[in-house]
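# structure for the following, please:
(2 chains)
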Amino acid sequence: MSAVTSNAGSGSGAQPSAAGRAYPTRDELLATGARPRRLGPLFVAEHQLRTMSKFGVTMIATATGTPLIYLFAFGVGLATLITGNVGPGGANGPVSYIEFVAPALLVTAGTLVATEEFTFGILLGLKWNPVFVGMNAAPISGPQIVTGHFLFAAVRMTITVTIYYLVILLFGAMPSPAGVLLIPIGLLAGFSWTLVAAYAATITEDKGQFAVLQRVVILPLTLFSGTVFPLTQLPVYLQPIGWLSPLWHASELGRQVAYGPTEPLWLTLVHLAYLLALAAVGWMLCQRIVKRRLDK
Amino acid sequence: MSHALSRVNDVSEPVIHAAGLTKVYGDTVAVGGIDFDVPPGESFGLLGPNGAGKSTTMRMVGAVSTRTAGELSILGLDPDQHGPEIRAQLGVVPQQDNLDMELQARENLLVYGRYFGLPRRVIAQRADELLAFAQLEDKAKSKVDDLSGGMKRRLTIARALINDPRILLLDEPTTGLDPQARHILWDRLFRLKEQGTTLVLTTHYMDEAEQLCDRLVVVDKGRIMAEGSPSALIREHSTREVLEVRFGSDRNADAAKRIGAIAGLGERIEELPDRVLVYADNGEHALAAVIESGLEPVTSLVRRSSLEDVFLRLTGRSLIE
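Predicted coordinates:
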């Protein structure tokens, strides 16, 4: 067993010994909270990444297979049926259908990873296998757990959208080098759903709410948010759905870096601000809800 | 008094101090103003039935549940201000295991140690020591999902020790375990106690309280009913021995009346649905008197008084209902 050191909590061996064990002074006690207070979210993300690594092969396979299938189906298959060009140049303009659809597919992929972590991931940690409760019994606070979980989700999203981006390059569907910015835009698209995480954190009884959310909200939005066809193709009275949908804003933002600009700068800034605002509000709300839920 | 100079192992200074500690949820008073102090190195128990407010008290002491009212300090710190600092000094074994089921046993210790900001090297060394302490060396690489209930409990205790805590909080540590698993666990806890770790545990098992606690409070409906060492509580609130006699379910009430009429027999008689308890300093004498009076018990048993009897005396109810 190692010798007792002055640093409370990290010094002596694992089995406490009564003999000569000095209790810490108040200053020493206060010092032990410093690292968890500063780095708590990183420790949470570290834990989650270790758990994720158990499913690493499945995750990479899904992250690679999905873009291959979607780009082939939409960009190669469906594109042969699409005669009217939908890009900024109109019919036979400079932007092909696959180039039009690729940024939207990428931000959709980011969204799907995010909403999975923001629903099942949150309720797993709070209820099904309540590791968040365990973290909170250690020095980690509720808000830190949320931030750590989001950090972990960011890593997962980065892997997914980076692979997506590389596959788009493979299909030759990325006109501009600025398209690499689709990676952070894909992350932003995912984080614009943090309100879903806040909602998930309020759920105490699982009655299939997530399945409803996936099928009634997220899946329709992936189709009707100016993703696979321009929003202007929808009847005027349905277009506000797109204006509210984070996916429309993220897809349009993605198109600006992939082959833009196709819209005035102010609108691009609106996309960015809207997505950032949604992410920030959901993040703050989720922190508050989780904090209150753990403090019972 | 200068805090910087004071050390909490001063004889005068308890590691846990609670006064008027209260927790209210909406209209429900879970903990209704309780007072207790725990000196360093003591093994302190909260004994009471389910719903008595034990777990709520433990969560407040564990600095995760904010108190509604009253005073609470852990190692001289207020949990409202210094939650993370207090939790850095605690080991917590919750009522329900919250190990990460997807990870291996050893990995659970590794990730948990990080929450205290400990260096990986220190955690790795402690993890191996603690797996040995919890008799789980050969399960280090087993997924938690595949461990038995008793092993999970031991792993949770090992996890709670990863930060070398000053105080170990155990909420119903052996509930749901078979007798053999309970004894292994008690043995491990007893070792910690011998090594000077302050233990605070809740239980509704009187044998557990008697085995592990130097001192305990009997809690019911959010209030402390009595306080003392197990033997002192028994001395104070019960007789030395208890005679248990059974007459068959439909005849117990009648028999209890007739026993009550026997002059000079025992201090007190309790009629339970399945048996009659006669509290007497000499159980054998009481049994002889019962038989002499013409009653014919189906079975009889003379035993020493236990905390169960103390609880029955104080609340009129059994611990396990």
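# what secondary structure does residue B:162 sit in?
Three-state call for residue B:162 (DSSP: H, G, I helix; E, B strand; the rest coil): coil.
# quick check: which element contains the nearest residue to it once chain neighbours are set aside?
Once flanking residues are discounted, residue B:162 sits nearest to residue B:113: 4.4 Å by C-beta to C-beta, 6 or more residues apart in numbering or on different chains. Glycine gets a C-beta too; all of them are placed from N, C-alpha and C. Using DSSP states H and E, residue B:113 sits within helix B:105-114.
# which strands or helices does whichever helix or strand comes after that helix pack on?
Where DSSP H and E defines the elements, the next helix or strand beyond helix B:105-114 is helix B:120-133. Where contact means 3 or more C-beta pairs under 8 Å, 6 or more residues apart in numbering or on different chains; DSSP states H and E, helix B:120-133 is packed against helix B:105-114, helix B:149-160.
# next up, the contacts around residue 274.
Let's take chain A. A:192, A:246, A:249 (C-beta atoms under 8 Å, 6 or more residues apart in numbering or on different chains).
# that's the wrong chain, I meant chain B
Residue B:274 sits next to B:246, B:249, B:252 when contact means C-beta under 8 Å, 6+ apart.
# the first one contacts residue B:290, doesn't it?
Same thing as residue B:246. No: in this structure, residue B:246 is not within contact of residue B:290 by C-beta atoms under 8 Å, at 11.7 Å.
# looking at these two, which is more packed in?
residue B:290 (23 against 17; other C-beta atoms under 10 Å in any protein chain shown).
# the helix or strand encompassing the more buried one: how far from the chain's middle?
Per DSSP H and E: residue B:290 is located in helix B:283-292. Centre-to-centre, helix B:283-292 and its host chain are 35 Å apart (C-alpha atoms, centre = their mean, to the nearest Å).
# for the stretch 101-250 of chain A, what spans make up the helices?
A:122-123, A:131-137, A:142-170, A:182-191, A:194-200, A:209-212, A:219-224, A:239-244, A:246-259 (DSSP state H, counting those that start in this stretch).
# wait, is residue B:225 part of a helix?
No: counting by three-state DSSP, residue B:225 is located in no helix; its state is strand.
# hmm, it is touching residue B:314, no?
Yes: between residue B:225 and residue B:314 there is a contact under C-beta under 8 Å: 4.4 Å.
# now do the shared contacts for the two.
residue B:218.
# comparing the two, which residue is more hemmed in?
residue B:225 (19 against 15).
# list the contacts of the more buried one.
Taking C-beta under 8 Å, 6+ apart, one finds B:217-219, B:311, B:314-315 in contact with residue B:225.
# for residue B:147, what are its contacts?
With C-beta under 8 Å, 6+ apart, residue B:147 has these contacts: B:105, B:136, B:139, B:155.
# most neighbours among these, which one is it?
Highest count within the contacts of residue B:147 by other C-beta under 10 Å belongs to residue B:105, 27 neighbours.
# and what about residue B:202, helix, strand or coil?
What three-state DSSP gives for residue B:202 is strand.
# excluding its backbone neighbours, what's nearest it?
Residue B:202's closest residue in space is residue B:54 (C-beta to C-beta, 6+ apart), at 3.8 Å.
# so where's the stretch 201-321 of chain B shaky on pLDDT?
B:319-321 (pLDDT under 70).
# for the helix holding residue B:290, packing partners?
Helix B:283-292 packs on strand B:241-246, strand B:276-280, strand B:299-304, going by 3+ C-beta pairs under 8 Å, 6+ apart.
# can you tell me what sits against the second one?
Under the criterion C-beta under 8 Å, 6+ apart, residues B:238-239, B:241-247, B:252, B:255-256, B:259, B:265-271, B:286, B:290, B:305, B:309, B:312 lie in contact with strand B:276-280.
# just the buried residues of the residues you listed.
Among the contacts of strand B:276-280, those buried by neighbour count (16 or more other C-beta atoms under 10 Å in any protein chain shown) are B:238-239, B:241-247, B:252, B:255-256, B:259, B:265-266, B:269-270, B:286, B:290, B:305, B:309, B:312.
# residue B:22 against residue B:35, yeah?
No: assessed by C-beta under 8 Å, residue B:22 is found out of contact with residue B:35, at 10.9 Å.
# quick revisit: just checking, the residue nearest to residue B:202 touches residue B:200?
No: counting by C-beta under 8 Å, residue B:200 is not a contact partner of residue B:54; they are 10.3 Å apart.
# neighbour count: those two, which is higher?
Counting neighbours by other C-beta under 10 Å for residue B:54 and for residue B:200 shows that residue B:54 has the greater number, 27 against 24.
# which residues does the more buried one contact?
B:46, B:48, B:171-172, B:202, B:219.
# again with residue B:140
Residue B:140 touches B:104-106, B:128, B:131, counting by C-beta under 8 Å, 6+ apart.
# which of these tops the neighbour count?
Among these, residue B:105 has more neighbours than the rest - 27 neighbours, counting by other C-beta under 10 Å.
# where does pLDDT dip in the stretch 1-150 of chain A?
In the stretch 1-150 of chain A, residues with pLDDT under 70: A:1-22, A:83-93.
# got the CA positions of stretch A:106-115 in CSV?
The C-alpha trace of stretch A:106-115 is given here as CSV (Å, rounded to 0.1, in the frame of the first residue of the first chain):
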residue,chain,number,x,y,z
LEU,A,106,-25.1,14.8,-44.3
VAL,A,107,-26.9,17.1,-41.9
THR,A,108,-29.7,14.5,-41.6
ALA,A,109,-27.1,11.9,-40.6
GLY,A,110,-25.8,14.3,-37.9
THR,A,111,-29.4,14.8,-36.8
LEU,A,112,-30.2,11.1,-36.5
VAL,A,113,-27.1,10.4,-34.4
ALA,A,114,-27.8,13.4,-32.2
THR,A,115,-31.5,12.6,-31.6
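# so what touches that stretch?
Contacts of stretch A:106-115 (C-beta under 8 Å, 6+ apart): A:63, A:66-67, A:153, A:156-157, A:160-161, A:164-165, A:168, A:182, A:185-187, A:189-193, A:196, A:213-214, A:218, A:222, A:227, A:246-247, A:250-251, A:253-254.
# related to what we said a few turns ago, common neighbours of residue B:54 and residue B:200, please.
residue B:46.
# give me the buried subset of the contacts of stretch A:106-115.
The buried subset of these (16+ other C-beta under 10 Å) comprises A:63, A:66-67, A:153, A:156-157, A:160-161, A:164-165, A:168, A:182, A:185-187, A:189-193, A:196, A:213, A:218, A:222, A:227, A:246-247, A:250-251, A:253-254.
# before we move on, the earlier item: among the contacts of residue B:54, name the ones in helices.
Using DSSP state H, no member of the contacts of residue B:54 sits in helices.
# closest to residue A:284 among these?
Lowest distance from residue A:284 to those (C-beta to C-beta) belongs to residue B:171, with 31.9 Å.
# any idea how far that closest one lies from residue B:60?
Distance, residue B:171 to residue B:60, by C-beta to C-beta, to the nearest Å: 12 Å.
# okay, those two: which has more neighbours?
residue B:60 (25 against 21).
# before we move on, what SS does the residue in chain B positioned nearest to chain A have?
Proximity of chain B to chain A (C-beta to the nearest C-beta) peaks at residue B:196, 2.4 Å away. Following three-state DSSP, the label given to residue B:196 is coil.
# was I right to think it contacts residue B:41?
Yes: using C-beta under 8 Å, residue B:196 is in contact with residue B:41, at 4.9 Å.
# tell me the residues of the stretch 101-250 of chain B that contact chain A?
Neighbours of chain A within the stretch 101-250 of chain B, by C-beta under 8 Å from any C-beta of the partner chain: B:101-103, B:107, B:110-112, B:114-119, B:122, B:125-126, B:129-130, B:133, B:159, B:161-166, B:191-192, B:194-197.
# now, of these, which are buried?
Buried among these (16+ other C-beta under 10 Å): B:101-103, B:107, B:110-112, B:114-118, B:122, B:126, B:129-130, B:133, B:159, B:161-166, B:192, B:196-197.
# mean confidence score for the host helix or strand of residue A:288?
Assigned by DSSP H and E, residue A:288 belongs to helix A:265-294. If you average the pLDDT over helix A:265-294, you get 98.
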